[in-house]
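Q: This is a predicted model, with the sequence first.
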Amino acid sequence: MSHDRTAPKNSIEHSRKRKSNASLKAAAHLHNNNYTDHYIHTGALPQKNVRNTDNPVEGYPNLQKLFRLKEKQIANHSSAPYGCRLDIDEMVPTLKNWIHNEKIVFDVVMIGCLTDNQFIYPLLTGLPIDKLISKPGFLFIWGSAQKINELTRLLQNDGWAKKFRKSEELVFIPIDKKSPFYPGLDNDDQVLFEKMQWHCWMCITGTVRRATDGHLIHCNVDTDLSIETESTRKSAIPSHLYKVAENFSTATRRLHIIPARTGTETPVKVRPGWVIMSPDVMLNNFDSKRYREDINKVGAHLPIRNEIELLRPKSPVQKRNS
Amino acid sequence: MNMQLITYLIENHAALLNPPISGDLANIYILFASTSKHESAGMKQQEAKLAAFWKELKDIADLCPGCFIFASTGYGSAALSSRDVTVEYIDIQALRMIRDSMISTPAEVARPVRPLGRESSEELALSDRLLSVLDSDAAATPNKRVLAKLEHFLSVKPASYRLGHERAQKFTPHSKFIPICGNRSHTNALASIASIAGNRVLSLDWNQLAGADQSTPGLSRCVQSKIHHIPNLKPQTDKTLGDCSYLDTCHKLSTCRYMHYLQYVPESLVQSVAARSRELNDAESDSKSICLYTRNLCCSVASKSVLPAQWIQCDVRKFDFSVLGQFSVVVADPAWNIRMNLPYGTCNDSELTDLPLELLQREGVLFLWVTGRAIEVGKESLRKWGYEVCNQISWVKTNQLGRTIVTGRTGHWLNHSKEQLLVGLKGQPEWLNRQCDVDLIVSGSRETSRKPDELYEMIERMVGPHARKLEIFGRDHNTRPGWFTIGNQLTGDSLCEPDVQRKYRQFLHTQRTSYGCSSVAA
């Protein structure tokens, strides 16, 4: 990095000598940085150089407004925050009870968090997950790239592949190696590149169409990538993971299952609009009767708001006459 | 009973049984005697003492049958004599039991110590105990300490990683690095003072810059050390609309009402940074020419020159891969059919998965660019070809301003800010320099489907500059020294390896004759 510090000094002296010219001439060629090379020499990770990490929609006032409006609307139509504290082996029986006896379904189900010791595959196969999720419904599964890779097995299973369509693959990148989300232990000696990311499968069940189902889904609001910021550090699960799901689906019934111990130092916080099932969730207040009342009050879907409709990205309208 | 001897045997059994002593009785006796400070004696006495020592051992063996196994090296003598006996096995558990039963009294004295300790801890004040809980973390258990130690051990990388990393540093030339300024007020201040013509910033007026420095302190210093993006304001530009999604790649620059930017770096800054990196590279060329750590590379790595770029224009789907030989690394960027209207022809899944890649690598690494649906098809293909998916690299695509691409409906359900590259490993190649780089590339997007050049450097660090490297479905801009490129969009052929030249001529010949035959038949 030393050349960064010496450079301005030299150029100030340089420009003082040329002050008679009274101008700072621009370079003849465009400059491009090589951040991979920079990492090798300085250890500064490539993701540190992304300029819109803190505000991904920087420079786009309409998108910024859309995000604000959506955030407000989602907050106004949220159930109370619910936590359901359970041991991992109690999860499947409890969820089965919800499905068969309590008759609860969710439109958005998120499974997993950013730890490596998760029991995702057994949970997915031990559960009639298609009965837990309404149709159409959305499933987000977060884990290490290795764990997500194992899910490819599900696609070979006909039953699963027919019910769920893998639609996107999301990535979360920790900002540096000191981050609580740095997947350090996942680095076995065999990998060829040091691991710096978490992956997510976004699956859709049932049918939704991008062009016509604007009351159910808002497409192209978020991107498939997010980089950790200073504000993400405060919780065991970065809030961005929740926001992507909230921004995409207009449904208000959301469940997050964390089939892993996240430890006492990074407790799982509750979040308005979500039922969070985890062995370490801070609150244990889930009550199916109260939850149903909540949902009845706020409605199963966010109402359509013209302001949002005008701003959100939409598929180009196809001309029927031509 | 010789307690001293029993204790000695328990403590030293491993040393006594293993070479160089190998259980030889006479030597065991000498060693034991030296520890128990017997005065030295003459040969005769020595002989007698050895016999006595032998008797002591036999006494122990009688008391506890099976605690020793003796073997004789002597011939013909039925009874073992002290001269030619070796001890083959010592059952230290049995010896311990003998010892414990003999010295049971002191052991009983020792036991009451523990309850004493417990009493003293109960005497501690409640507050002290609570404080000690605080001191030792919430989950303070011995397990936690052990876990921390284990994690530490597991995270320590072998020296080969550090050496490999250091070598990568020496071998990678320093490129010119200039950070990008992210300060919005700088952008606005510069917009009014830059002289712009023909969509290029020509210069900044020094006096005006000094004036602007008054209202935005640090501006002039920042201008001389970082890259700035200056708004390219046109009569039609509407600032309230924000930035154009396409920025510098916008085709309607003369009519687009969104904001566009021009890069500004002072010539003097580029020159000083270039001089600095040249200096660093010169300094490192010395350490490069005497590279001592050559593991995973050929030993003449520093002096051997890299082969020039080679390429063959061909339809990859019909090409005979056996012409090419073996490669350490294969990179493929197939035109997957992902049910989108793309400006180029695409391949069917089966056309891609049926490629005879097994001809190219007995062991090695395969990099496969995938997108959307092709992620799963790609993983399946890798497995089918005999590879194990060991990494999934993300290319974070950035725009002119160094920001991720967040607009423009680049994906079906969500916008796409990254592309995925699967890394497959076949066999157990020992010749890889692992984990020099991370599984991320942050780099600007260029023409449609053109991938970042950073990948080449990452691969060269991993396998060295002389390993054979192949790119399939490459275009002209993919040709590169040390690399072999094949694809149908390349211009002509260029070969320098004689064996490949010979096999390729043969291939062309057989193709021509078979084509000739078929046309005759037709």
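A: Nice, I can see it.
Q: low pLDDT regions in the stretch 1-150 of chain A?
A: A:1-22 (pLDDT under 70).
Q: Let me know the next secondary structure element after the host helix or strand of A:Y121.
A: Following DSSP states H and E, the helix or strand that holds A:Y121 is helix A:120-125. Sequence order places helix A:129-132 as the next helix or strand after helix A:120-125, per DSSP H and E.
Q: ok, back up a step: who's in contact with the helix holding A:Y121?
A: Applying C-beta atoms under 8 Å, 6 or more residues apart in numbering or on different chains, the external contacts of helix A:120-125 come out as A:91-92, A:111-112, A:141, A:143, A:147, A:150-151, A:153-154, A:160, A:257, A:259. Every C-beta, even on glycine, is put in place using the N, C-alpha and C of the backbone.
Q: Next: stretch B:176-188.
A: Taking C-beta under 8 Å, 6+ apart as the rule, stretch B:176-188 contacts A:3-4, A:31, A:33-34, A:37-38, A:49, A:51, B:216, B:219, B:222-223, B:225-231, B:261, B:265, B:269-270, B:273-274, B:277, B:401-402.
Q: secondary structure element for the residue positioned nearest the centre of chain A?
A: Central residue of chain A (C-alpha atoms, centre = their mean): A:L241, 2.8 Å from the mean position. Using DSSP H and E, A:L241 sits in helix A:239-248.
Q: Buried ones in that helix, by neighbour count?
A: Residues of helix A:239-248 classed as buried by neighbour count (16 or more other C-beta atoms under 10 Å in any protein chain shown): A:H240, A:L241, A:Y242, A:K243, A:V244, A:A245, A:E246, A:N247, A:F248.
Q: looking only at pLDDT, what's the mean for that helix?
A: Helix A:239-248 shows a mean pLDDT of 95.
Q: What strands flank whichever helix or strand comes after that helix, and is each parallel or antiparallel?
A: Next along the chain after helix A:239-248, taking DSSP H and E as the criterion, comes strand A:254-257. Paired neighbours of strand A:254-257 in the sheet (DSSP bridges): strand A:106-111 (parallel), strand A:274-278 (parallel).
Q: B:T294: what secondary structure?
A: coil (DSSP: H, G, I helix; E, B strand; the rest coil).
Q: Nearest residue to the middle of chain B?
A: Note: chain B centre (C-alpha atoms, centre = their mean) maps to B:Q435, 1.4 Å.
Q: Correct me if wrong: it contacts A:E194.
A: Yes. Using C-beta atoms under 8 Å, B:Q435 is in contact with A:E194, at 4.9 Å.
Q: wait, what's in contact with B:L202?
A: For B:L202, the contact set (C-beta under 8 Å, 6+ apart) comprises A:K25, A:A26, B:S195, B:I196.
Q: So B:Q326 sits against B:K469, correct?
A: No. With contact defined as C-beta under 8 Å, B:Q326 and B:K469 do not form a contacting pair (11.3 Å).
Q: More neighbours: the two, which one.
A: Between B:Q326 and B:K469, counted using other C-beta atoms under 10 Å in any protein chain shown, the more crowded position is B:K469 (24 against 12).
Q: now the strands for the chain?
A: Because you didn't say which chain, this covers chain A. Assigned strands in chain A, in chain order: A:23-25, A:82-85, A:106-111, A:133-144, A:164-173, A:198-205, A:225-227, A:254-257, A:274-278 (criterion: DSSP state E).
Q: if you could check chain B rather than the one you did, that'd help
A: Counting by DSSP E, the strands of chain B are B:68-72, B:85-90, B:194-197, B:200-205, B:228-231, B:261-264, B:310-313, B:329-332, B:364-370, B:388-398, B:418-426, B:440-444, B:469-472, B:483-487.
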